[in-house]
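*Asks:* quick one, what's the 3D model for this:
(one chain, ligands or ions: 1)
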Amino acid sequence: MSDFVITKSEQLRGDAEFLKASILEHLHFTLGKDKYTSTKQDVYQAAAFAVRDQLIGRWIKTQQHYYDTDAKRVYYLSLEFLIGQTLQNSLVNLGLLENFRSALHDLGYTLEQIVAVETDAGLGNGGLGRLAACFLDSMATLGIPGYGYGIRYDYGIFLQKIEQGSQVEIPDNWLRYGNPWELCRSEYLYSIHFYGKVSHRKDEKGKLHFELIDGEEVLAMAYDTPVPGYHNDTVNTLRLWQAKSPKGFNLNYFNHGDYIRAMEDIAVSENISKVLYPNDNIFEGKELRLKQEYFLVSATIQDIIRRYNKGHIHLDLLPDKVAIQLNDTHPALAIAEMMHLLVDREELSWEKAWHLTTSIFAYTNHTLLPEALERWPVPLLERVLPRHMQIIFEINRRWLDEVEKAYPNDVRKKQALSIIEEGEPKRVNMAHLAIVGSHKVNGVSALHSTLLEKHIFRDFWELTPQKFTNKTNGITPRRWLKVANPALSHLITQTIGEEWIHELSALKKLLPFVKDAAFIEEFGKIKKENKEKLSKIIYAEHAKHVNLDSLFDIHVKRFHEYKRQLLNALHIVALYNRIKDDPNHNWTPRTFIFSGKAAPGYFMAKRIISFINALASIINNDRVVGDRLKVFFLENYRVSLAEQIIPAADLSEQISTAGTEASGTGNMKFALNGAVTIGTYDGANIEILEEVGPENFFLFGLREDGVTALKERGYHPREYYERDPELKRVLDMVTDGFFSPGDPHFFAPIVDSLLQVDPYLVLADFGAYSACQKQISEVYLNPVEWSKKALCNVAHAGKFSSDRTIKEYAQEIWRLPSFPV
Ligand code: D6G
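*Replies:* Numbers count the residues shown, from 1 in each chain. A predicted model of the protein is given here:
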């Protein structure tokens with residue numbers, strides 16, 4: 001189209017008067033509301049539309065630019081994007097926050113009131129999904145032609161309620177009021193095939209052609225969300241697919257059949273994008289989940305090739321124009337799908353297709369936990385995706401030929417490196433498929449990447465060491481400091497300028513202020529204000545006042561035994577006993593705050609949530625304890641709640657068993673917001689410790705080698721129980737039903753598990769943890785000393801910007817021309 005004339009200027013004015021008029025226009029024209037009928041939800045919607053208007057021109061220009069320059073694009077494939085709220089973040093990135101605040105003020109609202117109306121987009125479980133969201137922000141900020149590709153689930157991560165102390169799951173109907181940030185692009189519609197059988201025929205030249213017949217078809221329809229960079233006019237795209245039944249598009253289906261039956265069929269195929277699986281670090285192996293994974297990758301790879309083909313006549317340049325990053329193995333079927341499209345549809349030779357595929361893909365591993373690794377049964381894959389199973393067998397056959405060349409007659413090596421695992425049933429090891437089909441494989445912290453090489457991927461590493469690399473995770477400083485902690489951001493900008501917002505290492509310039517008493521006082525005051533804000537949330541939920549001078553000791557993340565919320569909880573019981581034994585001692589007052597969801601089917605994690613709530617109800621109502629010890633569980637942890645909790649933390653709990661937490665990113669968010677960490681030598685904690693220095697980090701517990709050695713020697717948790725009277729007393733109280741008077745055995749499974757197996761070495765680390773916490777209590781008695789440590793954490797957090805992470809991916813993995821090595 002040559003003359004595409006628009007009447008409104010592409011980039012709208014951004015002054016308060018214009019923004020106010022724009023909100024009112026949307027209230028009137030888009031929502032049909034006036035001063036009598038508009039609700040706060042309407043004002044939020046109108047505000048969101050006004051902001052979206054500001055994004056549109058930049059979005060179109062950015063996308064045009066990518067086409068005009070035939071840019072190399074980066075595709076980030078993820079089953080999860082944990083976006084949270086969008087309004088305030090967009091305003092910050094567009095540089096319109098203050099003008100928008102005045103516009104709303106003129107309309108009789110505060111920005112905070114309107115921001116609070118927005119429902120979180122919770123299309124993810126935890127760290128992996130939030131990382132994807134941070135990466136989108138960084139790619140846009142760095143001007144990288146990046147795309148997120150995922151699923152537009154009708155229901156995101158469940159909403160958590162606490163009833164009688166226990167977790168209850170409520171469906172997250174996040175689209176109930178519509179989603180002003182997305183645009184349906186119904187023209188991008190792809191056919192996805194499941195089931196059926198493969199037929200093959202030879203052509204006149206003897207070449208085999210494969211075709212899937214008698215399968216089921218589902219359509220994938222695109223919804224695009226703009227992703228603005230910070231102050232740079234770049235707007236990238238997050239494209240999410242919704243499942244649509246082809247029957248809804250084809251009237252013929254209704255002509256010869258039963259109408260209601262046809263409608264039921266529509267509902268069944270559209271189930272594919274209905275709900276996010278609520279598991280974090282657990283492989284469940286359900287057929288519907290497999291279909292979701294294939295649905296995402298098939299639509300995405302078709303879309304990538306469609307976009308490439310718009311500007312190219314043959315596929316040779318594909319690796320120069322396309323880089324695909326697999327966020328864990330969840331989208332690893334993309335490798336088989338790419339081969340399917342290149343060989344079956346584009347009719348390339350297998351060798352050529354494989355060369356292109358392996359030049360394009362890279363794989364990020366996110367966990368070492370065996371129960372999280374995806375291993376799909378061959379019979380299931382054969383039934384759901386018969387052609388892809390053939391392709392995976394062929395990839396494996398050729399791969400094992402290479403293994404044979406490298407290690408002739410070595411059966412062990414073949415077994416260890418095979419994509420197909422023997423057993424009943426045979427299984428496809430998705431990590432092995434991802435490694436074989438990728439040119440780079442990375443872990444997400446230095447320790448994690450080393451452990452991949454040393455343990456689970458050792459044989460792969462020995463054969464192709466150049467494939468393996470590390471990319472330590474990061475977080476976006478826009479959302480996690482500028483938006484979440486406006487007061488601290490303001491102080492920092494006033495002091496060292498605003499360079500830190502896009503170059504986080506500039507925070508080092510704060511270091512001289514550690515010696516500046518006035519600055520430290522101001523810094524401490526801001527922390528206290530943030531604590532006060534959080535105390536209001538606590539009050540709203542628990543009707544309890546909080547001592548603002550107490551140490552805010554915060555443990556927020558998914559509930560999982562390896563993350564050891566239980567270690568923290570047992571230590572709280574020990575503290576409680578100490579206070580009760582010696583009420584007149586000068587105890588450092590503490591407020592413990594927990595928040596996080598457990599997978600609905602994870603019995604032990606849910607029981608631990610109940611245990612913490614049981615502690616809270618006993619301890620918080622004990623008059624002897626008073627305000628020296630309080631425990632709160634805040635329900636429904638989510639991005640927007642994290643933004644309110646993290647800036648208020650004095651102490652950040654990062655206490656996973658060494659060798660289990662691949663990286664962590666919560667640890668980075670806390671450090672950036674001026675909390676000191678109590679942490680194990682695990683994941684990115686190690687790098688935080690390196691950056692901030694041991695004097696500003698409370699390290700405790702067994703290291704990874706110590707954990708391995710102890711397990712090899714034979715770990716007997718009961719010995720720790722017998723040896724440590726304080727620990728024994730704590731566990732005996734739980735066993736005796738002190739925290740569950742109505743049902744004395746309710747927490748027995750927790751103690752039984754600890755005494756019999758204790759898979760994550762809670763008892764082995766209890767003594768070290770308790771000693772470390774004692775030291776923390778002493779340091780906290782000197783608030784200036786504490787603030788200095790906290791400030792050092794902020795000043796040294798620069799490494800943990802996702803901008804740094806993304807630059808490393810761009811240089812070393814995606815090989816983007818604008819990021820020369
Ligand atoms: C986004 C923004 C819109 C643009 C479209 C291009 O929806 O302005 O037209 O992307 O999509 P592709 O052709 O790159 O898929």
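
*Asks:* show me the contacts for Leu615.
*Replies:* Leu615 makes contact with Ala569, Ile572, Val573, Tyr576, Val631, Phe739, according to CB atoms under 8 Å, 6 or more residues apart in numbering. C-beta here means a position set from N, CA and C on the backbone, and glycine is covered the same way.

*Asks:* let's see that with 6 Å instead.
*Replies:* Ile572, Val631 (CB atoms under 6 Å, 6 or more residues apart in numbering).

*Asks:* element containing it, please.
*Replies:* Secondary structure from DSSP states H and E places Leu615 in helix 603-619.

*Asks:* could you list the buried residues of that helix?
*Replies:* Neighbour-count burial for helix 603-619, counted by 16 or more other CB atoms under 10 Å, picks out 605-616, 618-619.

*Asks:* can you get me a residue count around the residue in the stretch 351-500 of the chain that the ligand sits nearest to?
*Replies:* Nearest residue of the stretch 351-500 of the chain to the ligand, counting by CB to the nearest ligand atom: Ile360, 17.3 Å away. By other CB atoms under 10 Å, 25 other residues sit near Ile360.

*Asks:* now do Arg713
*Replies:* Arg713: 8 surrounding residues under other CB under 10 Å.

*Asks:* from Val707, how far off is it?
*Replies:* Noted for Arg713: a distance of 11 Å to Val707, by CB to CB, to the nearest Å.

*Asks:* cool, Gly437 as well?
*Replies:* 32 Å.

*Asks:* got it, and Ala222?
*Replies:* With distances taken as CB to CB, Ala222 is found 46 Å from Val707.

*Asks:* ok, His502 next?
*Replies:* 39 Å.

*Asks:* these two: who's more crowded?
*Replies:* Val707 (23 against 18).

*Asks:* confirm that that one sits in a helix.
*Replies:* Yes - per DSSP: H, G, I helix; E, B strand; the rest coil, Val707 lies within a helix segment.

*Asks:* just checking, it touches Thr660?
*Replies:* No - applying CB atoms under 6 Å, one finds Val707 not in contact with Thr660, separated by 8.6 Å.

*Asks:* do you know the pLDDT at the closest residue to the ligand within the stretch 601-750 of the chain?
*Replies:* Proximity of the stretch 601-750 of the chain to the ligand (CB to the nearest ligand atom) peaks at Val639, 23.6 Å away. Looking at Val639, its pLDDT is 98.

*Asks:* next: Met1.
*Replies:* If you check Met1, the pLDDT there is 43.

*Asks:* continuing past the helix ranked longest in the chain, what's the next helix or strand?
*Replies:* The longest helix of the chain (DSSP state H) is helix 40-68. Sequence order places strand 73-77 as the next helix or strand after helix 40-68, per DSSP H and E.

*Asks:* run through who's touching that next one.
*Replies:* 144-149, 304, 323-326, 331, 334, 814.

*Asks:* now do the strands in the stretch 351-500 of the chain.
*Replies:* 361-364, 375-377, 420-421, 427-429, 440-443, 468-470 (DSSP state E, counting those that start in this stretch).

*Asks:* avg pLDDT for the fourth one?
*Replies:* This means strand 427-429. For strand 427-429, the per-residue pLDDT averages 98.

*Asks:* helices or strands next to it in the packing?
*Replies:* Other helices and strands packing on strand 427-429, by 3 or more CB pairs under 6 Å, 6 or more residues apart in numbering; DSSP states H and E, are strand 375-377.

*Asks:* mind checking how far the strand it packs on is from the chain centre?
*Replies:* 24 Å (CA atoms, centre = their mean, to the nearest Å).

*Asks:* low-confidence ranges in the protein?
*Replies:* For the chain, the stretches flagged by pLDDT under 70 are 1-11, 251, 253-256, 821.

*Asks:* list phi and psi for the residue sitting furthest away from the middle of it.
*Replies:* For the chain, the residue at maximal distance from the C-alpha centroid (CA atoms, centre = their mean) is Glu204, at 51.0 Å. In terms of degrees, to the nearest 10, the main-chain angles of Glu204 are phi -60, psi -30.

*Asks:* what does the stretch 351-500 of the chain put close to the ligand?
*Replies:* Contact residues, the stretch 351-500 of the chain versus the ligand (CB under 6 Å from any ligand atom): none.

*Asks:* all helices of the stretch 351-500 of the chain, in order?
*Replies:* Secondary structure of the stretch 351-500 of the chain (DSSP state H, counting those that start in this stretch): helices located at 378-384, 386-406, 411-417, 430-436, 446-454, 458-463, 477, 486-496.

*Asks:* put together TSV for the ones you listed, with distance to Arg723 and mean neighbour count on each row.
*Replies:* Below are these laid out as TSV (distance: least, CB to CB, whole Å; neighbours: other CB atoms under 10 Å):
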stretch	distance to Arg723	mean neighbour count
helix 378-384	48	17
helix 386-406	49	17
helix 411-417	40	15
helix 430-436	40	25
helix 446-454	29	20
helix 458-463	36	16
helix 477	45	31
helix 486-496	44	17
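
*Asks:* point me to the residue of the stretch 101-250 of the chain nearest the ligand.
*Replies:* Using CB to the nearest ligand atom, Asp224 is the residue of the stretch 101-250 of the chain that sits closest to the ligand, at 3.7 Å.

*Asks:* quick check: bridge partners of that residue?
*Replies:* Leu183, Arg239 (DSSP bridges).

*Asks:* next, format the helices of the stretch 351-500 of the chain as JSON lines and append distance to Leu79.
*Replies:* Shown next, in JSON lines, are the helices of the stretch 351-500 of the chain (distance: least, CB to CB, whole Å):
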{"stretch": "helix 378-384", "distance to Leu79": "16"}
{"stretch": "helix 386-406", "distance to Leu79": "17"}
{"stretch": "helix 411-417", "distance to Leu79": "26"}
{"stretch": "helix 430-436", "distance to Leu79": "12"}
{"stretch": "helix 446-454", "distance to Leu79": "20"}
{"stretch": "helix 458-463", "distance to Leu79": "23"}
{"stretch": "helix 477", "distance to Leu79": "26"}
{"stretch": "helix 486-496", "distance to Leu79": "32"}
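
*Asks:* right, so of those helices, which gets closest to Leu276?
*Replies:* Leu276 lies closest, by CB to CB, to one member of the helices of the stretch 351-500 of the chain: helix 430-436, at 18.8 Å.
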